[in-house]
Each structure stands twice: as structure tokens, then as C-alpha cells.
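K.L.:
Quick one, what's the 3D model for this:
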Amino acid sequence: QVQLVESGGGLVQPGGSLRLSCAASGFTFSGYTMSWYRQAPGKERELVATITGYGGITNYADSGKGRFTISRDNAKNTLYLQMNSLKPEDTAMYYCYTQIAGRGYWGQGTQVTISS
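P.N.:
Residues are numbered from 1 along each chain as shown. Sure thing, here's the model as predicted:
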């Protein structure tokens, strides 16, 4: 079965960095577009970044442009999100996501908290 397991979240001071990982299993990882979403308390879940499968084409929400980098290692079936220059407003639960045969799959999320 499809599994997505995020890790790498934590408490970081403003201006700091974090790298999130999402370990994927149960499907041919390299063939699918992968995305990172986030959801802050009291807010809707929002798209952060997307990367295509083999081509590695990336897209970012305005909130992360120039600060976040999405990448993938198809040999390790792992998705990454490098986050730099973090701000308090980046505080949220971060989820990885993919869609296979019209069905969406989410991980359990990893909490990112930006605070001094």
C-alpha cells in the first residue's frame, strides 16, 4: 500500500533552516509528481511546492519562492523540502502528497515551528 512518512520538522529560530524528508513506498515513486503542503492552525491546507517525476520540474507558491527548494532522490524514494530564512509565518504542519490513479495520498505530517 502507498505510504508517505515525513520527518525533519522541529523548532527553529527565525532565519534558520530545516530540511524535511518524505519517505515513499508502495508505488513507483519516480513516475509521480510529488508535492509539499502545509497547514497552520485555523487555516486551510495550502500548496507549498511541487516536483514532477522523471523531469524534476518544480513549482513554488509565492510564500516559499527564493527560500524553499523541493527536490527528490528517486533512487531512495525520498522527497525533500529545504527551507531557508524561515519566518514565524512558516509555522505549520507540513505534509507530502501524491495522486495515483485519481486518488490522493497524504503523509501524517511533520510539525515545523518557527519561534525565538
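K.L.:
Please tell me how far Leu20 sits from Gly102.
P.N.:
Computed as Cβ to Cβ, to the nearest Å, the Leu20 to Gly102 distance reads 26 Å. C-beta: built from backbone N, CA, C; applies to glycine.
K.L.:
Tyr95 against Glu6, yeah?
P.N.:
Yes: with contact defined as Cβ atoms under 8 Å, Tyr95 counts as touching Glu6 (6.7 Å).
K.L.:
Tell me the residues that contact both of those two, please.
P.N.:
Gly107, Gln108, Gly109 (Cβ atoms under 8 Å, 6 or more residues apart in numbering).
K.L.:
Are any of the residues you listed buried, and if so which?
P.N.:
Gly107, Gly109 (16 or more other Cβ atoms under 10 Å).
K.L.:
The residue nearest the centre of the chain: which element?
P.N.:
Geometric centre of the chain, nearest residue: Trp36, 3.0 Å, by Cα atoms, centre = their mean. Using DSSP states H and E, Trp36 sits in strand 34-39.
K.L.:
tell me how far that strand is from the chain's mean position?
P.N.:
Strand 34-39 sits 5 Å away from the centroid of its parent chain (Cα atoms, centre = their mean, to the nearest Å).
K.L.:
coming back round to it: can I get the shared contacts of Tyr95 and Glu6 in TSV including secondary structure?
P.N.:
Below are these laid out as TSV (DSSP: H, G, I helix; E, B strand; the rest coil):
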residue	secondary structure
Gly107	coil
Gln108	coil
Gly109	coil
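K.L.:
Just checking: what are the partner strands of the strand holding Trp36?
P.N.:
As defined by DSSP bridges, the strand partners of strand 34-39 come to strand 46-51 (antiparallel), strand 92-100 (antiparallel).
K.L.:
Out of the ones you listed, which is closest to Gly26?
P.N.:
strand 92-100 (9.2 Å; Cβ to Cβ).
K.L.:
Report the rounded mean pLDDT for that closest one.
P.N.:
What strand 92-100 shows for mean pLDDT is 98.
K.L.:
May I see the buried residues of that strand?
P.N.:
The neighbour-count check on strand 92-100 (16+ other Cβ under 10 Å) flags Ala92, Met93, Tyr94, Tyr95, Cys96, Tyr97, Thr98 as buried.
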